[in-house]
Each structure stands twice: as structure tokens, then as C-alpha cells.
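J.: the following comprises the amino acid sequence and a computationally predicted model.
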Amino acid sequence: MPGGGFCKLPGGSVVVAIGLPDPAGGGRTVRVLVHAANRARALTRLRNLGLRAVYLRGNTEPPTPDEITAVLHHPDGLLWRTHEPLSQELWHPIGALLRPAGRR
């Protein structure tokens, strides 16, 4: 599974990027971005959405500047897309990931 990481912003908040298996299955991996006051709160936001086994170990794949910009400009501060190196896929709101597969 791909790693994750974080970046502390000048205002003190953080952006966490983490690779997770797709909750709907299918064997693909998704990259989730979370903007929060600190790393613990970022992971708590994901756990509160039902993604219980979410942990950030290390800082192997911190968010890129483009990812940071994307999550800061989204009103919820929670985004995802499939984790492929050359993906041109747009970012999706987190609600689209957690919907049943037939409703995506």
C-alpha cells in the first residue's frame, strides 16, 4: 500500500495525504487529502467517516504543492482520487468515495 505524509502550513495547520485501499473494494488504492489543525485531528476526521484503520506512519509521501492547493480550496478540506503516478483524474469530495458503488 502506498505511504502517506503530511506538510505543516505556515498558519500552523497541516495537510495530510494518505494512501488507503478503496472502501468499495476492487483492489485499487486511493489517495486521500485532509486539511486539519494537526495530524491527530486529520486522522480523527477520517475515522469519524468510517475509515477506522487509518494510521500515518512516517512521512514517505507528503502532499505535493498541487495537492495542498487542491485541499485548501475545497470547502470540506477532504478530497480523494485514485493513486496512480501519472493520473490526470480530478479530485473528488470525500462523500463520493463513501457512497455505495452503484451510486458513484
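T.: Perfect, I can see it now.

J.: separation between residue 29 and residue 9?
T.: Noted for residue 29: a distance of 25 Å to residue 9, by CB to CB, to the nearest Å. Every C-beta, even on glycine, is put in place using the N, C-alpha and C of the backbone.

J.: before we move on, what about residue 17?
T.: 13 Å.

J.: more crowded one of those two?
T.: More crowded of residue 17 and residue 9, by other CB atoms under 10 Å: residue 17, with 26 against 12.

J.: for the more buried one, give me the pLDDT.
T.: Residue 17 is assigned a predicted lDDT (pLDDT) of 95.

J.: wait, a strand at it?
T.: Yes: assessed with DSSP: H, G, I helix; E, B strand; the rest coil, residue 17 lies in a strand.

J.: what is the neighbour count of the residue lying closest to it once chain neighbours are set aside?
T.: Leaving aside its sequence neighbours, residue 17 sits nearest to residue 63 (CB to CB, 6 or more residues apart in numbering; 3.9 Å). By other CB under 10 Å, 23 other residues sit near residue 63.

J.: right, I'll leave it there.
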